[in-house]
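In: return a 3D structure for these sequence lines:
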Amino acid sequence: MPNTLEVPAPTAWPLVLAFGTTLLFAGLVTNESLSVLGALLMIAGAVGWFRDVLPQEAHDVVPVRPELPAAVTSRRNVARIELAGELPRAWLPLETYPVSAGIRGGLAGAVAMAVLAMLYGLLSQRSVWYPINLLAAGFFPAAVTASTEQLAAFHLNAFLVAVLIHLLTSLLVGVLYGAMLPMLPRRPILLGGFIAPLMWSGLLYSALGIINPVLNARINWLWFVLSQVGFGVVAGIVVSRHERVRTWQRLPFAVRAGLEAPGLMHEHPEDRGE
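Out: You can find the predicted model right below:
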């Protein structure tokens, strides 16, 4: 018997990621420097966390205590615990898409949405930078008093912030699509292309004045909804073309809960009557 055992290594990066996310949103109502610090912590937390689990999980080696003497009993068979029958319930979802499908869908939808947004900028202000500056305006207090000509010009800082916001939100929504689309398997494009974008736009309609007052004052909601629909249709198509994987919904509750005890399951074929 080995004297050591490998166990998953502890990591503090999820705590850093959560703290960075809190600072990022707190900066929206306080100071933009707080949001920048939050974004840096988010990136550091995500990178650190991924490096701990990809491509191989980090492990710690811990010593194994000497084996305790086995308990001796005169009984030949253990008493089996009687599990209560599971109540009838809906098994949803039976299958889901892998995370990689959501990431690819989010990236494809991000490109489609960016093209529609820049098309709006060209048609309304003859500048592709106009919607980009509006998206990043929440991080720059000076944008509140900026003229239309200033918002239509290229600004490197606003461009980098807008790309980061667009990329992170697109990846997040893409992964959510991967989890949601199996719930409407016959009409995935209806959910991904129309229902979800309309729900997302309705949520932003009530909160955009707090998140980004400049964008709220200048937004064209028709083009905004069209951009959301474009994202949803493209992301939905890309995600729905991936092969789905089965979930644990069909497994007994004891297995899904990770319970391990003698008698909970029939380990041998003869116990199962085979």
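In: okay, helices next: where are they in this protein?
Out: Along the chain, counting by DSSP state H, helices occupy 13-29, 32-53, 99-125, 129-136, 148-151, 156-180, 188-190, 196-211, 213-218, 221-240, 253-256.
In: deepest-packed of these, please.
Out: Mean neighbour counts were taken over these using mean count of other Cβ atoms under 10 Å, and the top value, a mean of 24, falls to helix 129-136. For glycine as for every other residue, the C-beta is placed from the backbone atoms N, C-alpha and C.
In: quick one: that helix to chain centroid distance?
Out: Distance of helix 129-136 from the chain centroid (Cα atoms, centre = their mean, to the nearest Å) equals 24 Å.
In: that one to helix 156-180, inter-axis angle?
Out: Interaxial angle of helix 129-136 relative to helix 156-180 (axes from the mean of the first three to the mean of the last three Cα atoms, to 10 degrees): 70 degrees.
In: which intervals of the stretch 101-250 of the chain have sub-threshold pLDDT?
Out: Applying pLDDT under 70 to the stretch 101-250 of the chain flags the ranges 184-186, 188.
In: mind listing what residue 11 touches?
Out: Taking Cβ atoms under 8 Å, 6 or more residues apart in numbering, we find residue 11 in contact with 48, 49, 52, 58.
In: save those residues as a markdown table, and put in distance to residue 94 and pLDDT too.
Out: Output for the contacts of residue 11, formatted as a markdown table (distance: Cβ to Cβ, whole Å; pLDDT from 0 to 100):
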| residue | distance to residue 94 | pLDDT |
| --- | --- | --- |
| 48 | 35 | 88 |
| 49 | 29 | 87 |
| 52 | 31 | 82 |
| 58 | 33 | 80 |
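In: run a quick neighbour tally on the residue nearest to residue 233 when sequence neighbours are not counted.
Out: Leaving aside its sequence neighbours, residue 233 sits nearest to residue 193 (Cβ to Cβ, 6 or more residues apart in numbering; 3.8 Å). For residue 193, the neighbour count with other Cβ atoms under 10 Å is 22.
In: hmm, residue 238 and residue 193 touching each other?
Out: No: contact between residue 193 and residue 238 fails when scored by Cβ atoms under 8 Å: they sit 11.7 Å apart.
In: before we move on, the earlier item: any idea how far residue 223 is from the residue nearest to residue 233?
Out: 16 Å (Cβ to Cβ, to the nearest Å).
In: over to residue 244?
Out: For residue 244, the distance to residue 223 - Cβ to Cβ - is 34 Å.
In: picking up where we left off before, possible to save the contacts of residue 11 as TSV with distance to residue 161?
Out: Converted to TSV, these look like this (distance: Cβ to Cβ, whole Å):
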residue	distance to residue 161
48	22
49	23
52	28
58	32
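In: relative to residue 176, which of the residues you listed is nearest.
Out: Taking Cβ to Cβ as the measure, residue 176 sits nearest to residue 49 out of the contacts of residue 11, at 19.0 Å.
In: the closest one and residue 17 touch, don't they?
Out: Yes: in terms of Cβ under 8 Å, residue 49 counts as a neighbour of residue 17; the distance is 6.2 Å.
In: coming back round to it: do you know which of the helices of the chain lies nearest residue 142?
Out: Residue 142 lies closest to helix 148-151 among those, at 9.0 Å (Cβ to Cβ).
In: centre-most residue in the chain?
Out: In the chain, the C-alpha nearest the mean C-alpha coordinate belongs to residue 172, at 4.1 Å (Cα atoms, centre = their mean).
In: residue contacts, it?
Out: residue 106.
In: recalculate using a threshold of 6 Å.
Out: By Cβ atoms under 6 Å, 6 or more residues apart in numbering, no residues touch residue 172.
In: how close does it get to residue 36?
Out: Distance from residue 172 to residue 36, by Cβ to Cβ: 19 Å.
In: do residue 252 as well
Out: Distance, residue 252 to residue 36, by Cβ to Cβ: 49 Å.
In: check whether the residue nearest to residue 233 really touches residue 234, as I assumed.
Out: No: look at residue 193 against residue 234 with Cβ atoms under 6 Å: they stay out of range, at 8.4 Å.
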